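Peer 1: dropping a prediction and its sequence here:
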Amino acid sequence: MIYSVLLEHEAEKELRQLPAKVLKRVDKRIVDLASEPWPRGNVKLKGKNAEGYRIKVGDYRILYTVDKVTKIIKIYRIKHRREAYRKM
C-alpha cells in the first residue's frame, strides 16, 4: 500500500536547515514512510495539542499525520528532540 508523502511549508524549511549527515538519514526515513506509514518504533503522540505520530532519526524527530482514506502522510515538523514538541 503506497501512500503519498507531503511536507508542510514549515517542515520543508526545517529539512533544508538540517546538517548533511542528518539530512541523508531523515530523507531515507521520509521515503520509507510512503510504503510503511507506521514503521517499527513509531509512537502515537499524546497530549492536549498532540496529533499524529513521530519517528526518531538519531536526535531528530519527524512528526506526521496519516490520512487512511486519501492515503496521504503529512509531515508537519522535523526538529531536534529538544525543540520538536514545542508549540510552533
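Peer 2: Thanks, I have the structure now. Residues are numbered from 1 along each chain as shown.
Peer 1: please enumerate the strands of this structure.
Peer 2: 4-7, 43-44, 53-57, 60-67, 72-80 (DSSP state E).
Peer 1: now those strands in a markdown table, with distance to Leu23, mean pLDDT and mean neighbour count?
Peer 2: Placement of C-beta: from N, CA and C, glycine included. Converted to a markdown table, those look like this (distance: least, Cβ to Cβ, whole Å; pLDDT from 0 to 100; neighbours: other Cβ atoms under 10 Å):
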| stretch | distance to Leu23 | mean pLDDT | mean neighbour count |
| --- | --- | --- | --- |
| strand 4-7 | 13 | 96 | 15 |
| strand 43-44 | 22 | 94 | 10 |
| strand 53-57 | 10 | 95 | 18 |
| strand 60-67 | 10 | 95 | 19 |
| strand 72-80 | 10 | 95 | 19 |
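Peer 1: out of those, which is closest to Glu14?
Peer 2: Using Cβ to Cβ as the measure, strand 72-80 is the one of those that comes nearest Glu14, at 4.5 Å.
Peer 1: tell me the strands beside that closest one, with direction?
Peer 2: strand 4-7 (parallel), strand 60-67 (antiparallel) (DSSP bridges).
Peer 1: relative to strand 53-57, how tilted is that strand?
Peer 2: 50 degrees (axes from the mean of the first three to the mean of the last three Cα atoms, to 10 degrees).
Peer 1: any idea how far strand 72-80 is from the chain center?
Peer 2: 3 Å (Cα atoms, centre = their mean, to the nearest Å).
Peer 1: what's near enough to touch the residue nearest in space to the middle of the chain?
Peer 2: Geometric centre of the chain, nearest residue: Ile62, 2.8 Å, by Cα atoms, centre = their mean. Listed by Cβ atoms under 8 Å, 6 or more residues apart in numbering, the contact set of Ile62 reads Val26, Arg29, Ile30, Leu33, Arg54, Ile55, Ile75, Arg77, Ile78.
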